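Trainee: Please work out how this folds:
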Amino acid sequence: MQQSWRWFGPQDTVSVADMRQAGVEGVVSALHHIPNGTVWSQAEIQQRQQQIAQTPDGVPTGLVWNVVESLPVSEEIKQQRGDWRAHIENYKQSIRNLAQAGVSVICYNFMPVLDWTRTELGHELPNGARCMRFDVIDFAIFDLFVLARDGARDDFPADVVQQAQARRDAMTDADLDRLMQNVICGLPGAEEGYSLADLRAHLRAYDGIDADRLRQHQIDFLTEVVPVAEEVGARLCCHPDDPPFALLGLPRIMSTEEDYARLMAAVDSPANGITLCSGSLGVRADNDLLGMMRRLGSRVHFVHLRNVRRETEALPNSFHEAAHLEGVTDMVDLIAAILDEEQRRKAEGRSDCDIPFRPDHGQDILSDLGQNSQPGYPAVGRLKGLAELRGIIAALSHPGSAA
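Mentor: Numbering: from 1, shown residues only. Presented below is the predicted three-dimensional model:
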């Protein structure tokens with residue numbers, strides 16, 4: 001397993017030197033400053049590679065850009081409106097440019113409008129650590145009373161609506177504004193941030209686009225770009241919905257094993273693959289993560305290892321980001337399955353035997369609490385998670401291990 005670390009570029013509070021000290025082998029990054037639908041030029045790609053390869057004062061780091069996360073799929077492509085065909089051609093060229101630079105694993109998602117959603121970015125846990133959290137009651141307050149979306153009341157169980165009304169009555173305007181900022185103004189790696197007016201406009205653009213139509217749009221997109229990926233030796237891997245259930249009346253199409261199996265069959269190519277995110281998929285109790293890795297593992301090109309603690313079970317449900325070994329996912333079993341898949345690939349003679357992974361998210365602990373890092377991406381919290389995951393890998397890979 002290739003130990004990797006997500007980096008948002010020179011503005012990230014975690015430096016290239018910090019990553020080198022963490023002992024990672026690869027860096028997961030993206031060109032977030034380039035507008036969606038625009039070509040990633042060779043010059044921009046090479047500049048990011050150079051920023052990763054050496055510190056600002058010119059010291060070599062030994063690090064490489066091994067995974068793109070994400071090469072965004074524009075809303076125009078998802079909706080098949082406006083300049084969507086030109087955006088697909090630009091996407092193809094970006095794949096070619098990345099592959100030419102030696103970056104072959106490309107993570108993307110097909111979530112409409114909001115990439116990933118939380119209602120609280122600094123939830124304090126009993127031990128004093130802070131984490132991100134999704135509270136279904138707070139989200140209902142946003143949908144019902146802040147966004148005031150038509151039809152929102154029908155999308156929540158009656159008891160959730162009642163609790164949302166009662167909690168709303170006790171909230172101040174500042175509370176509501178903070179909730180709005182958390183939900184719609186863009187999380188790390190999110191493609192775009194919105195105002196309320198923007199969000200309403202984007203939601204209207206999905207009128208008439210149900211889950212079946214959005215799935216077909218994704219298939220249409222992959223039918224165009226996968227042959228290019230095959231040609232240049234790139235591997236696309238779709239990230240699951242986060243959270244993996246419908247929000248704001250929008251369709252969600254990458255939330256379950258059935259969703260992934262359908263997509264893999266529709267565009268049946270090794271270049272059409274999966275980002276297995278244990279955190280996103282673990283929010284649903286009906287997702288069998290271990291089984292997914294064993295059944296779909298040949299198409300898993302990238303892994304996010306993080307954990308969640310479900311606070312409620314009925315969908316949509318509340319959850320928070322747990323420490324890497326403390327949530328609903330058994331990391332030992334999951335990592336064992338990933339290592340088994342790597343051995344299968346070696347036996348088959350595949351060149352992609354070393355699956356890249358990163359410690360996804362992390363709780364703010366120790367010095368993180370005063371750093372104002374990107375929500376979910378503190379230095380110490382992720383380093384703790386990486387150390388724990390690294391220990392599991394070392395134990396399971398030891399010659400004396402039964403695994």
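Trainee: tell me which residues of stretch 122-136 are tucked away?
Mentor: Residues of stretch 122-136 classed as buried by neighbour count (16 or more other C-beta atoms under 10 Å): 123, 125, 129-136. For every residue, glycine as well, the C-beta is placed using N, CA and C.
Trainee: how long is that stretch end to end?
Mentor: Separation of the first and last residues of stretch 122-136 by C-alpha to C-alpha, to the nearest Å is 16 Å.
Trainee: what do you get for stretch 59-71?
Mentor: End-to-end for stretch 59-71, by C-alpha to C-alpha: 28 Å.
Trainee: Near residue 209, how many other residues are there?
Mentor: 18 (other C-beta atoms under 10 Å).
Trainee: likewise residue 290?
Mentor: By other C-beta under 10 Å, 14 other residues sit near residue 290.
Trainee: next one: residue 239
Mentor: Neighbourhood size, residue 239 [other C-beta under 10 Å]: 23.
Trainee: Let me see the contact set for it.
Mentor: Applying C-beta atoms under 8 Å, 6 or more residues apart in numbering to residue 239 gives the contacts 69-70, 107-109, 254, 275, 277, 280, 304.
Trainee: Any idea which of the residues you listed the model trusts least?
Mentor: Minimum pLDDT across those is recorded for residue 70, with 91.
Trainee: Looks like that one contacts residue 105 (just checking).
Mentor: No - Residue 70 is not in contact with residue 105 according to C-beta atoms under 8 Å; the separation is 11.3 Å.
Trainee: out of the two, which sits in the busier spot?
Mentor: Between residue 70 and residue 105, counted using other C-beta under 10 Å, the more crowded position is residue 105 (25 against 21).
Trainee: Find the residue closest to that one in space, skipping its chain neighbours.
Mentor: The shortest distance from residue 105 to any residue other than its chain neighbours is 4.5 Å, reached at residue 67 (C-beta to C-beta, 6 or more residues apart in numbering).
Trainee: What is the burial count for that neighbour?
Mentor: By other C-beta under 10 Å, the residues close to residue 67 number 27.
Trainee: Helices of the chain, start to end?
Mentor: Applying DSSP state H to the chain gives helices spanning 16-22, 42-53, 75-79, 84-100, 136-141, 158-169, 173-184, 196-205, 211-232, 257-266, 278-282, 289-296, 331-348, 379-397.
Trainee: between those, which gets nearest to residue 368?
Mentor: Comparison of the helices of the chain against residue 368 by C-beta to C-beta identifies helix 379-397 as nearest, at 4.8 Å.
Trainee: Just the buried residues of the closest one, please?
Mentor: Buried residues in helix 379-397, counted by 16+ other C-beta under 10 Å: 379-386, 388-390, 392-393, 396.
Trainee: Also stretch 259-269?
Mentor: 259-260, 263-264, 267, 269.
Trainee: picking that back up, out of the helices of the chain, nearest to residue 152?
Mentor: Closest approach to residue 152 among the helices of the chain (C-beta to C-beta): helix 136-141, 7.7 Å.
Trainee: what's the model's confidence in stretch 342-360, averaged?
Mentor: Stretch 342-360 carries an average pLDDT of 97.
Trainee: Next: stretch 396-403.
Mentor: So the average pLDDT for stretch 396-403 ends up being 77.
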